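Engineer: show me how the following folds:
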Amino acid sequence: MRHLITTRIKFTDDELLKEYLEISKRSFIPSLLSQTNKNFTLGIISNEQHREMIISFINDLSVKLNKENPSLVFFDDKTTDYVDYVKNENINIQTRHDCDDWMCETYVENIQNTYLNNINQYESFVIHVQPYKYDILNDKTYTMSLRYDDSRTSMFASLCQKNCNESIFSVVHSDIGGLGQKVFMLKEGSCYLVIHNNNISSVLFKTDKLNKSEELDKQYDISIVVPTFNNTHYIDECIDSLMESSNGLKYEILVGIDGCQKTYDHLKDKSFPENVKIFYFKENRGPYLIKNSLANIASSENILFFDSDDVMLKSSVSFLNDLSHKFEVIKFRLMNFIGDFNVSNTKGKSIFAEGVFFIKKSLFLSMNGFEPWMCAADSDFMARLYKKKLKIHFTDEILFHRRIHTENLTKRGDTGLGSKLRASYWKISKNKKGDGNPESLSLSEFVPILNHRPIEPKVYVETEEELNEKRIRQLRKETLEKINNKTKVVVQEVKVEKKPFVIDYNKINDLLKNRVHVDPKPRVVNQNKPDDRQTIIDQKTMTNKKTIEMLLPSKKNRRNGDPIMNIGGKFGR
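Structural biologist: Numbering: from 1, shown residues only. Sure, this is the predicted structure:
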């Protein structure tokens, strides 16, 4: 048995190639290296000038993950040299897999077991899987509304043959099922279709196609939004302080690099926990567009805006989360310091922060967020917020320390407190009418920076409704199978012989001879004549002699003392 897994890493644009390799670094390659069954060859369709880079990329990742490298073979395209290879080598199992998608660690093992269990019965057959979707941008998992069956196979397909005479790339993936005598499907969710910035515009990836899907979203207690620019000295300390302060919570930290190549180079190869997500904004347009954009994709209703050169004190985030049940907005005290962080080098009195605060996401979005300005947008937002007359909580506690240095927006010459730019923004804000909110939420384009941490899709537990749907699909599948195989139900006719009716006179005579004669009982005649003839007369005439004598006496009978009744008169004696 020979098994070839083939992927395509062929791009004319070097930048696009690098972006796909970044996705592959977290999805396809780690999942391939982690297979429980290593009995396969990895085939890669690529440009010749990129092959050394791809080999180096796989080697580096296998060393980092401490995994064994697979054997490799390269192809120029999926037609001539690929077809020649699979036929000459008699490849029994051809598996196609995109370089940005994920497979479970038993995927190869399940394919090969299915092959061994069925190859003696069929000359050729197809194995595929109903995938899930994983949105790598927002760390969200979905089931697919598009369902696959025997008539339509998924892109995660394997063509199995005793003797290789067909190429899996000879038809589009949805028609691969027609290349085999039968189609088998592995457990749903054995593979994940990964959604990222380069394929999200495709029709298969639009969220409006997920209307029947269940989102398996990880709920966070709080989302911390941190814009950063030209900051390689302090960003690591900032992230560490936020993680320590959030200990015990389900939290996410969204870091946005504001068009700074220096900071990008510093963070791109760092490994962070899955809840620390780094995004690169190609244009330097200020921190407030980053805050708008990242707050818009935050997974929690609780938003904390923080600056990348500051230090959050221990347990401060947990403290804010406890207050979030009572207040929509929380402002908190800070202490300034210069240089390396130390509680002893703080100076001055504690003050309240302007751009660092806690707010409910729904409230923030309802106000269309910050103005897309380079500076002073936090003061403008607070002025609009105070107009709403909400219940804002001001803490007595000092929750973080603010680092003062020459690159602060309030210290720089172009954006500082005395700059012309800040003065012009202040004038616009002062002259606003009504609620002063922007007409819409201003956003900026960004791409995620993906570190070496492989994706670990969440285990999805099927609901009873989904199980019922699966049973219905299986029943429909079996019914169609019977129709396609022209299975007919044969009704056998049972012939019943009709016997002629014959009278057995001998039997009748025997019965008559042995009959016992029984005399009938004498008939009883009821007498209808009473002994008293007068009674019969009274019954016929409806009269009674005694009654008539009482009602119509002929004369008084005083001697006997009988009562006398006169009609219409009085009773008397």
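Engineer: please enumerate the strands of the stretch 151-300 of the chain.
Structural biologist: All strands of the stretch 151-300 of the chain, identified by DSSP state E, counting those that start in this stretch, fall at 157-161, 183-185, 191-195, 215-217, 222-228, 251-258, 276-281.
Engineer: just the mean pLDDT for the first one, thanks.
Structural biologist: By that I understand strand 157-161. Averaged over strand 157-161, pLDDT sits at 93.
Engineer: how far away from the center of its chain is it?
Structural biologist: 29 Å (CA atoms, centre = their mean, to the nearest Å).
Engineer: likewise the second one?
Structural biologist: On the basis of CA atoms, centre = their mean, the separation between the geometric centre of strand 183-185 and that of its chain is 24 Å.
Engineer: against which helices or strands is that strand packed?
Structural biologist: Contacts defined by 3 or more CB pairs under 8 Å, 6 or more residues apart in numbering; DSSP states H and E place strand 183-185 against strand 124-128. Backbone N, C-alpha and C define where each C-beta goes, glycine included.
Engineer: what is the mean pLDDT for the strand it packs on?
Structural biologist: Mean pLDDT, strand 124-128: 92.
Engineer: sheet partners, orientation included, of that strand?
Structural biologist: strand 157-161 (antiparallel), strand 183-185 (parallel) (DSSP bridges).
Engineer: closest to residue 219 out of these?
Structural biologist: For residue 219, the closest of the strands paired with strand 124-128 is strand 183-185, at 31.4 Å, according to CB to CB.
Engineer: state the mean pLDDT of the closest one.
Structural biologist: 90.
Engineer: do stretch 370-377 as well
Structural biologist: So the average pLDDT for stretch 370-377 ends up being 91.
Engineer: what does that stretch rub up against?
Structural biologist: Residues outside stretch 370-377 that contact it (CB atoms under 8 Å, 6 or more residues apart in numbering) are 285-286, 288-289, 291-292, 378, 380-381, 409-410, 414-415, 419, 421-422, 425-426, 429, 438, 442.
Engineer: helices - which of these land there?
Structural biologist: 288-289, 291-292, 378, 380-381, 421-422, 425-426, 429 (DSSP state H).
Engineer: of those residues, closest to residue 153?
Structural biologist: The nearest member of the ones in helices among the contacts of stretch 370-377 to residue 153, counting by CB to CB, is residue 292 at 42.4 Å.
Engineer: just checking, the closest one touches residue 369?
Structural biologist: Yes: shown here, residue 292 and residue 369 form a contact pair, counting by CB atoms under 8 Å, at 4.1 Å.
Engineer: and residue 49, how close does it get to residue 12?
Structural biologist: Distance of residue 49 to residue 12, computed by CB to CB, to the nearest Å: 11 Å.
Engineer: what about the longest helix in this protein?
Structural biologist: helix 464-484.
Engineer: right, and the helix or strand after that one?
Structural biologist: Counting by DSSP states H and E, the element after helix 464-484 in chain order, helix or strand, is helix 505-513.
Engineer: show me how far that following helix is from its chain's centre.
Structural biologist: Its chain's C-alpha centre and that of helix 505-513 lie 87 Å apart, by CA atoms, centre = their mean.
Engineer: which secondary structure elements does that helix sit against?
Structural biologist: With 3+ CB pairs under 8 Å, 6+ apart as the test, helix 505-513 has no helix or strand packed against it.
Engineer: send the alpha carbons of that helix over as CSV?
Structural biologist: Only the C-alpha atoms of helix 505-513 are listed here, as CSV (Å, rounded to 0.1, in the frame of the first residue of the first chain):
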residue,chain,number,x,y,z
TYR,A,505,-73.9,-39.3,2.1
ASN,A,506,-72.6,-42.2,4.1
LYS,A,507,-71.6,-39.8,6.9
ILE,A,508,-75.0,-38.1,6.9
ASN,A,509,-76.8,-41.5,7.0
ASP,A,510,-74.7,-42.6,10.0
LEU,A,511,-75.6,-39.4,11.8
LEU,A,512,-79.3,-40.0,11.1
LYS,A,513,-79.2,-43.6,12.3
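Engineer: coming back round to it: residue 362: which of the ones in helices among the contacts of stretch 370-377 is nearest?
Structural biologist: Of the ones in helices among the contacts of stretch 370-377, the one sitting nearest to residue 362 (CB to CB) turns out to be residue 292, at 14.4 Å.
Engineer: how about the contacts made by the closest one?
Structural biologist: 369-370, 372, 441-444.
Engineer: let me have these in CSV, extended by neighbour count and distance to residue 95.
Structural biologist: Shown next, in CSV, are those (neighbours: other CB atoms under 10 Å; distance: CB to CB, whole Å):
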residue, neighbour count, distance to residue 95
369, 23, 46
370, 26, 49
372, 16, 48
441, 18, 44
442, 18, 46
443, 16, 40
444, 20, 40
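Engineer: got any ranges where the stretch 101-250 of the chain has weak pLDDT?
Structural biologist: Low-confidence segments of the stretch 101-250 of the chain (pLDDT under 70): 149-151, 199-218.
Engineer: shouldn't residue 387 be in contact with residue 436?
Structural biologist: Yes: between residue 387 and residue 436 a contact is recorded at 7.2 Å, counting by CB under 8 Å.
Engineer: more crowded one of those two?
Structural biologist: Taking neighbours as other CB atoms under 10 Å, residue 387 and residue 436 compare with residue 436 leading, 18 against 13.
Engineer: of all the strands of the stretch 151-300 of the chain, which lies closest to residue 140?
Structural biologist: Of all the strands of the stretch 151-300 of the chain, strand 215-217 comes closest under CB to CB, at 5.0 Å.
Engineer: among the contacts of residue 292, name the ones in strands.
Structural biologist: Among those, none falls in strands (DSSP state E).
Engineer: going by distance to residue 306, which of the residues you listed wins?
Structural biologist: Residue 306 has its nearest neighbour among these in residue 370, at 14.5 Å by CB to CB.
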